[in-house]
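Chemist: Show me how the following folds:
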Amino acid sequence: MAFALGDVKKVFFEAGACGWSSDAQKIKSLEFPGSKIIRFVSGDFRVIDCYVVNQNSDISAGTKTIWVKDQPVWIMHYGGWYKKEAIPFLKSCLQRAYVEERRFYGGRGPYFVHDKKFAYVNKIERNDFADFAGEERIFYYVSEQPLGYHWYRGMSLLKNN
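Modeler: Numbering: from 1, shown residues only. A predicted model of the protein is given here:
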């Protein structure tokens, strides 16, 4: 199968639309106690999002990898913490980017989103699908009290992007 980085990006959005932010099935990993895995398959493409959350601190970290057949072609690492009350808002921000806009914001949500209670800010350092990094934050919209953040970074594993 011949493919380009644009094909990988298309699969990224397809997987994101039915991934963690959509309440997809999360499978406990036997190899990594305490971790959960979300799988997505489309033709020769396979996406695996594997993450861990420390229940005593709400600190989490993970890796999302895209393969074509048995070759890894793209990867993203992320980590940080969120209070549980911020999670539904975070999921809505990610779904906005993945489903509604189908726009790459460093692999996370839009630059800025708010409602009456919460605000989401995504500070992107690098925003190329082949090389990206940044940090997202959620806080109370009025008081600006923090509710959590995640840093993220990733890259294409293809030789010629």
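Chemist: what are the bridge partners for Glu135, then?
Modeler: On the basis of DSSP bridges, Glu135 is bridged to Lys123, Trp151.
Chemist: Identify each buried residue in stretch 37-55, please.
Modeler: 37-38, 40, 45-53 (16 or more other C-beta atoms under 10 Å). Using the backbone N, CA and C atoms, a C-beta is placed for each residue, glycine as well.
Chemist: pLDDT and secondary structure for those - can I get that in CSV?
Modeler: Output for these, formatted as CSV (pLDDT from 0 to 100; DSSP: H, G, I helix; E, B strand; the rest coil):
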residue, pLDDT, secondary structure
Ile37, 92, strand
Ile38, 92, strand
Phe40, 93, strand
Phe45, 97, strand
Arg46, 96, strand
Val47, 96, strand
Ile48, 94, strand
Asp49, 95, strand
Cys50, 94, strand
Tyr51, 93, strand
Val52, 93, strand
Val53, 89, strand
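Chemist: what's the most distant pair in these?
Modeler: The two members of the buried residues of stretch 37-55 with the most space between them (C-beta to C-beta) are Phe45 and Val53, at 26.4 Å.
Chemist: I'd like the distance from the lowest-mean-pLDDT helix or strand in the chain to the chain centre, please.
Modeler: When each helix and strand of the chain is scored by mean pLDDT, DSSP states H and E, strand 27-28 comes last, with a mean of 82. How far strand 27-28 lies from its chain's middle: 18 Å, per C-alpha atoms, centre = their mean, to the nearest Å.
Chemist: where in the chain is pLDDT low?
Modeler: Scanning the chain with the threshold set as pLDDT under 70 gives 1, 21-22, 24, 160-161.
Chemist: Can you add distance to Glu85 and give the buried residues of stretch 37-55 back as JSON lines?
Modeler: What follows is the buried residues of stretch 37-55, written out as JSON lines (distance: C-beta to C-beta, whole Å):
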{"residue": "Ile37", "distance to Glu85": "25"}
{"residue": "Ile38", "distance to Glu85": "22"}
{"residue": "Phe40", "distance to Glu85": "27"}
{"residue": "Phe45", "distance to Glu85": "35"}
{"residue": "Arg46", "distance to Glu85": "33"}
{"residue": "Val47", "distance to Glu85": "28"}
{"residue": "Ile48", "distance to Glu85": "28"}
{"residue": "Asp49", "distance to Glu85": "23"}
{"residue": "Cys50", "distance to Glu85": "25"}
{"residue": "Tyr51", "distance to Glu85": "19"}
{"residue": "Val52", "distance to Glu85": "21"}
{"residue": "Val53", "distance to Glu85": "15"}
